[in-house]
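Undergrad: quick one, what's the 3D model for this:
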Amino acid sequence: MDLEIRLLRTFRAVAQMRSFTGAARTLKLSQSGISQHIGMLERQLGIQLLVRSNKFVRLTSAGEILLQCACQVLDNLERLQLILTERANTNSGRLSIAVPATFSHWLLPYLIDEFHERAPAIQVIVAMTNVDLAIERVARRETDIALLPAPAQHKALALAPLGKDELVAVLSPSNPLASKERLLASDLKEQRVIMPPPGNLRFVAWDNFLLQSGVFPRVAVETDDLELAKRLAQQGVGITIAPCWSVNREMAHDRYAVLPIGPEGIYRDWYLAYHNATQLAGPWRSFLRVCIELLPRLFRNETSPPYVRDNAAPRRKGKENVEAGSLPTLINR
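TA: Below you'll find the predicted structure:
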């Protein structure tokens, strides 16, 4: 019996999402095309794999067994493709990345610029999204990797640490606190703040700081648009929080005051997340190397050329040769 790989991919998508509509969206097929694939697979195997209704899709016992086998087969094929791509020394293909909007606007251009110098044949597809959706996109294999400002608690993901960035307080130069060297928790008692909605994973470190300090300032404006929050802070509406690397342009023109927070500062851990069934090789490995080399300096606002390069070290083009031992320890969830 010869089963087509495309039918197994369709079945895996339907089984994991429990939805023909979701599978069609993920695989970029029509819903009728998804139904045809499932019907062909069931006819080839001579057994029912799914129980369909208007409200849900459920696996039969045979479907559960096939899902386990299909995942193993498809995962092995994807690993093989990555290994062969790496050995072919062409470094061609595509790499899809999910990132928060602020990171995409400020730091991602530096990473893509360097990555294209090393792997010019790779097409990069960027999806700007919030952290929760980025995690789900990687878990559902809609996106290859995601850059996250917090450790993702998802059993389908593996994480590679990339470094730390600092969160700072942004406020109007006319605010009496602007003359301080640091913003302490006690300073916030009578202040209004401009913050993202509760539970935003980009600012977990700030939420933890408030909880540990026992201080809960009044929220004047709730928004997940960082540029809007900074503009409102400049106008004196309240104090907001931003990554240090996102405020250097405005600081140069004294548009607002920027203060470190707390006695020791507030820092976030960044990670590259990818599906744990996939081997980190080929383009993914090359992009990880770029992140490891550039991000620590970019996080410190070293963004003026040459922002990471040694003058004595020429830019490398083509396939990158990375020793396995030079990559960080990976974290499997």
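
Undergrad: give me the domain ranges for the protein.
TA: 5-84, 90-163+269-332, 165-267 (automatic domain parsing).

Undergrad: mean confidence score for the last one?
TA: Summarised as a single mean, pLDDT over domain 165-267 is 90.

Undergrad: circling back to that earlier point, turn the domains of the chain into CSV, including mean neighbour count.
TA: All C-beta spots, glycine's among them, are computed from the backbone N, C-alpha and C. As requested, the domains of the chain are exported to CSV (neighbours: other CB atoms under 10 Å):
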stretch, mean neighbour count
domain 5-84, 16
domain 90-163+269-332, 17
domain 165-267, 17
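
Undergrad: for whichever strand or helix holds residue 39, packing partners?
TA: Using DSSP states H and E, the element containing residue 39 is helix 31-45. Judged by 3 or more CB pairs under 8 Å, 6 or more residues apart in numbering; DSSP states H and E, the packing partners of helix 31-45 are helix 5-17, helix 20-27.

Undergrad: mind putting the ones you listed into TSV with mean pLDDT and distance to residue 179?
TA: TSV is the format used below for these (pLDDT from 0 to 100; distance: least, CB to CB, whole Å):
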stretch	mean pLDDT	distance to residue 179
helix 5-17	90	55
helix 20-27	87	53
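
Undergrad: which stretch among those helices comes nearest residue 65?
TA: Proximity to residue 65 (CB to CB) singles out helix 5-17 among these, at 11.1 Å.

Undergrad: which strands and helices lie in contact with that closest one?
TA: By 3+ CB pairs under 8 Å, 6+ apart, helix 5-17 packs against helix 20-27, helix 31-45, strand 57-59, helix 61-87.

Undergrad: compute the inter-axis angle for the longest one and helix 5-17.
TA: This points to helix 61-87. For helix 61-87 against helix 5-17, the angle by axes from the mean of the first three to the mean of the last three CA atoms, to 10 degrees is 120 degrees.

Undergrad: for helix 61-87, packing partners?
TA: Looks like helix 61-87 contacts helix 5-17, helix 282-299 (3+ CB pairs under 8 Å, 6+ apart).

Undergrad: show me the strands in this protein, by range?
TA: 50-52, 57-59, 93-99, 122-128, 145-148, 157-171, 192-195, 218-222, 239-243, 257-260, 266-275, 331-332 (DSSP state E).

Undergrad: as a markdown table, those with distance to residue 177 would be great.
TA: Listed next are the strands of the chain as a markdown table, based on distance: least, CB to CB, whole Å:
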| stretch | distance to residue 177 |
| --- | --- |
| strand 50-52 | 60 |
| strand 57-59 | 56 |
| strand 93-99 | 32 |
| strand 122-128 | 32 |
| strand 145-148 | 31 |
| strand 157-171 | 6 |
| strand 192-195 | 12 |
| strand 218-222 | 15 |
| strand 239-243 | 8 |
| strand 257-260 | 7 |
| strand 266-275 | 16 |
| strand 331-332 | 38 |
